[in-house]
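> Here you go, sequence then predicted model.
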Amino acid sequence: MEKENYTVVTEFYMVGLSNYPSLQILLYILCLLMYLVILLGNSILIIISILDPRLHTPMYFFLGNLSFLDICYTSSTIPQMLINFMSEKKSISFIGCALQLFLSLGLGSIECLLLTVMAFDRYVAICNPLRYTIIMNRSLCVQMAAWTWIIGFLNSLIQSMLALKMPLCENIIDHLTCEILAILKVICGDISLNIFIMIIASIVLLITPLVLIFFSYVFILSTILRIKSTEGRQKAFSTCSAHLTVVILFYGSALFMYMKPKSKDTKLFDELFGLSYWVITPMLNPIIYSLRNKEVKEGVKKVLIKNLYLRKM
């Protein structure tokens, strides 16, 4: 049965976690600190991947894209979330909500595709090392990165327009951000087309990339196990361990958040876990690559510390 009583909406009220004012103060402090770490950590990775000639490789080109993506993704949601945590009104304009929906959905889609491209890069590096520079040439890398952004935002544009052109029953969103599922809950009318498009998009942009990543690492691990020397196996695995860790963290959190059965009893947990998914994963990405990658550590020392020293001179 379709909902009735359409409402002309000029702004939305975000009431997620509004029943826990003391918790919102704590979350404000934690999110602000983690957001600063995200900006600092990912900015450092972008800077050293540009300034250090040793990092001018496909792996670090895609890593720079991932860092820029994480900065954009968190910046599309966290600043508004911080404002709402400390505000009594907790509102966002219709245009602001539409922009947040478009960016968060698009950037999330792009990350799925980008992680798949990075898995392909690691596959070629491990399984076809002699042809790596020929296959992963600069032109191909730029095209692959560009298409991840084009496809991700095209998917977001379609889903956002389909959702926002529908009549709305109310302007109260029981969530922390303007995400697609939260918007669909306040729509009046038939949303079967929205659900159908969402399912297709999930298969193409979430499940298919995950399957491709899985098979890439099957071939990668098979190749690594055939390497005779222990040192050779360790070196080969270290080149893709950081990416594999990020994939497990990203997809593990996403699948748990969206596939876990929902209930009113777990609503607080769902919102807190969703918040950690938006913030913690982008914060850990540069840390994981820094801790597991000797070249990144040396790049930080060479580029940042050297530049700071020259400024003091």
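Looks like it came in fine.
> Going by C-alpha atoms from here, please, whenever you check contacts or count neighbours.
Noted.
> pLDDT on stretch 247-267, on average?
Averaged across stretch 247-267, the pLDDT comes to 67.
> Only the C-alpha atoms, please, for the helix or strand containing residue 183, written as PDB.
According to DSSP states H and E, residue 183 maps onto helix 180-184. Extracted C-alpha coordinates of helix 180-184, given in PDB (Å, rounded to 0.1, in the frame of the first residue of the first chain):
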ATOM      1  CA  ILE A 180      20.100   6.000   0.100                       C
ATOM      2  CA  LEU A 181      18.300   3.600   2.400                       C
ATOM      3  CA  ALA A 182      17.400   6.300   4.800                       C
ATOM      4  CA  ILE A 183      16.000   8.500   2.000                       C
ATOM      5  CA  LEU A 184      13.900   5.600   0.600                       C
END
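> Show residues contacting the next helix or strand along the chain from that helix.
Downstream of helix 180-184, the next assigned helix or strand under DSSP H and E is helix 192-202. Helix 192-202 has contacts (CA atoms under 8 Å, 6 or more residues apart in numbering) with 155, 159, 162-163.
> Go through helix 192-202 and flag the buried ones.
194, 198, 201 (16 or more other CA atoms under 10 Å).
> who's in contact with residue 77?
Residue 77 makes contact with 100, 104, 177, according to CA under 8 Å, 6+ apart.
> Which of these fall in helices?
Among the contacts of residue 77, DSSP state H puts 100, 104 in helices.
> on that earlier part again, so which of the contacts of helix 192-202 is the closest to residue 122?
residue 155 (26.3 Å; CA to CA).
> Give the helix, strand or coil label for that closest one.
Here residue 155 is recorded as helix under DSSP: H, G, I helix; E, B strand; the rest coil.
> And residue 154, what's its pLDDT?
For residue 154, the pLDDT comes out at 96.
> so how far is residue 20 from it?
The gap separating residue 154 from residue 20 is 37 Å, by CA to CA, to the nearest Å.
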